[in-house]
Structures are given as structure tokens and as C-alpha cells.
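[1] what follows is a protein structure lacking sequence information:
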């Protein structure tokens, strides 16, 4: 049985895309496959599973030597199971920059395309076979695209992502603004999470000039709910960084509706990062960065000390 999974701290794309591709492998390609997750899905991904009546995949912490697997929505070993290089990787389908470090036992299929969402790539790879997909698979695909593009607000959005989403919405008789509002409301409901959980919820490991950073993003239509916890979030950052082997946690709170980010500034290191990376003038413990929406396209490429 092939295991299909995305990255740790699974968001909607890393929850939905394994489900979509495992369905395709099993039902169309005739190769038994099952989706699995590398952690509890976030609140938006959980809403998507419930809304489209999709079973939550099994959560795993590692893979065994020789396990056959397909990786979606990442190619970064830091975001994958510890024993990933002992597994039998059959393929990678992704929309992020190529990181390197994965080791395969034989030549594999790799598809990495500059689109906003892995599910858009899956749509293209599946072709006419998608016509046979049940409503839940198409719904998961639409959800992934709307989530990753922030309903087409993100600068990562391409005309093709939008066209695929609009086609799927028409087939499903879904009103995109109404459904996206439900998605983002679910994404914004973070009241049940601890500070440490919020800091890890949607985060990527990244090295800048020899320092290890955990770059965390919280996308929300209710930024005040998060920013009201600013002091406790910043107080929790050193402990999370120490536990995760990082020098610093950096948190960007993305206001989906205002299309801007608020960066928390707990110390001089992050102050320097903000000023050198974004040309910002920092006078307090946070700074607003207008137009910043995408970690992949706008934040990670700009980071410097």
C-alpha cells in the first residue's frame, strides 16, 4: 500500500492533496494507496474534511524502511518523517522551491510547477479521470486552491489556479465567495489552541546566515483575536525555539481581508530581520507590512540579516 502524505503541521493543501492523489492512484491507476497525515490538521483543514464528508486520514509520526510513498506539497526533508530517506519514494508532486536532501532508491516521477496550489497540479495530472471523481474529491480540490490562494488574493495565484477553481465551483454548484468565507472563518478560529500550538500551526524551518528560524504564518480574517495574545505569544517564542532546535521563532499574522501582515518583534534580532528584509521602520513590538500575504513568494525570498 502506497502512503501519500504532505508536510508536517498539515494545512488544507497538505490534508486534501494526499486524499485526492490516493483516490487517483487507487481508483484510476489501479495502485492501492492510502492518504496519511504528519500531524493534526489545522482548523480549516478539519472543516474541509467535515464539509465534504471525507474521513480524516491516519496520523503517522514516521515511515518504516522500505515503505512505498508519494510526497505531495513539499520536497523539504525537514518537513517530512525522520526516516524518509529509508523509505521507497515513488514520486514528488509539489509547488515549492526545490530544497534538496531527499534520497531515492531509483529514478522517480517528480512534478514541481510554479502554481499556487498542489491540488491544481493534481487536477492537471489527472486530466479527464477527474470526471470520475466523487463530489468529495472535487470539493477537496476546490478547497485546497481557495485556501492556498486566499480566494485569489495571494500573489502566488496564477490565472490557471483561478480557472481550475472556478470550473470546479461551477461543477459543484458552489458560490466561491460564500464558501471561501466559511473556509477563512474556520481558519481564523484559533481560540482552542495554546500559544505554542499557534506558533507551530503553519510554520517552516529556514536558515538565514547560519541561524535557524521557524517562520510561522497565521492567516486570518480576525487578526485582532491573535494580536490580542501578542505578549503571551512572544513570551512563548524562546521555549518553542529551544524545543525545536531553532534560534528564533518569527510570526507573521496575515490579515486576509486587508491584505497585509503584522510581524511580531520580540527582540533586536527580529527587528533587524524586519528592517533589512522589508525596509520596515520598527518602533515597537510589532510592525505592519502592507501587501505581504505569501510566505513562499514574499517572505522567505526576502529574508536576510
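    Received it, and whenever you're ready, just let me know what you need. Computed from a predicted model, the values in this text were never measured in an experiment. Numbers count the residues shown, from 1 in each chain.

[2] wait, residue 122 touches residue 20, no?
    Yes. Using C-beta atoms under 8 Å, residue 122 is in contact with residue 20, at 5.2 Å. No exception for glycine: its C-beta is placed from N, CA and C like everyone else's.

[3] what do the two both touch?
    Taking C-beta atoms under 8 Å, 6 or more residues apart in numbering as the contact rule, residue 122 and residue 20 both touch residue 141.

[4] what are the pairing partners of the longest strand seen in the chain, and which direction each?
    If you go by DSSP state E, the chain has its longest strand at strand 211-220. With DSSP bridges as the test, strand 211-220 is paired with strand 203-208 (antiparallel), strand 248-255 (parallel).

[5] go through those strands and pick out the most buried.
    Of all the strands paired with strand 211-220, strand 248-255 has the most neighbours on average by mean count of other C-beta atoms under 10 Å, namely a mean of 24.

[6] just to revisit the earlier point, out of the strands paired with strand 211-220, nearest to residue 51?
    Closest to residue 51 of those is strand 248-255 (C-beta to C-beta; 22.3 Å).

[7] outside of the worst-scoring helix or strand of the chain on mean pLDDT itself, list whatever touches it.
    Least confident helix or strand of the chain, by mean pLDDT, DSSP states H and E, is strand 203-208 with a mean of 88. Under the criterion C-beta under 8 Å, 6+ apart, residues 9, 76, 78-79, 212-217, 244, 246, 249, 273, 295, 300, 303-305 lie in contact with strand 203-208.

[8] separation between residue 294 and residue 156?
    According to C-beta to C-beta, to the nearest Å, residue 294 stands 5 Å off from residue 156.

[9] more neighbours: these two, which one.
    residue 294 (23 against 20; other C-beta atoms under 10 Å).

[10] got a list of what the more buried one touches?
    So residue 294 contacts 154, 155, 156 (C-beta under 8 Å, 6+ apart).

[11] tabulate these (TSV), appending secondary structure.
    As requested, the contacts of residue 294 are exported to TSV (DSSP: H, G, I helix; E, B strand; the rest coil):
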residue	secondary structure
154	coil
155	coil
156	coil
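
[12] which one of these sits closest to residue 66?
    Nearest member of those to residue 66, counting by C-beta to C-beta, is residue 156, at 35.6 Å.

[13] and the closest one, how close does it get to residue 149?
    Counting by C-beta to C-beta, the gap from residue 156 to residue 149 is 7 Å.

[14] common neighbours of the two, please.
    Each of residue 116 lies in contact with both residue 156 and residue 149 under the rule C-beta under 8 Å, 6+ apart.

[15] I'd assumed residue 197 was in a strand, is it?
    No. Counting by three-state DSSP, residue 197 is not part of a strand but helix.

[16] that one: neighbouring residues, count only.
    15.

[17] could I get the full set of helices for the stretch 151-300 of the chain?
    Applying DSSP state H, counting those that start in this stretch to the stretch 151-300 of the chain gives helices spanning 159-172, 176-188, 195-201, 223-227, 230-244, 268-278.

[18] which is the next helix or strand following the host helix or strand of residue 17?
    Element membership of residue 17 [criterion: DSSP states H and E] is helix 12-23. Going down the chain from helix 12-23, the next helix or strand is strand 33-37, by DSSP H and E.
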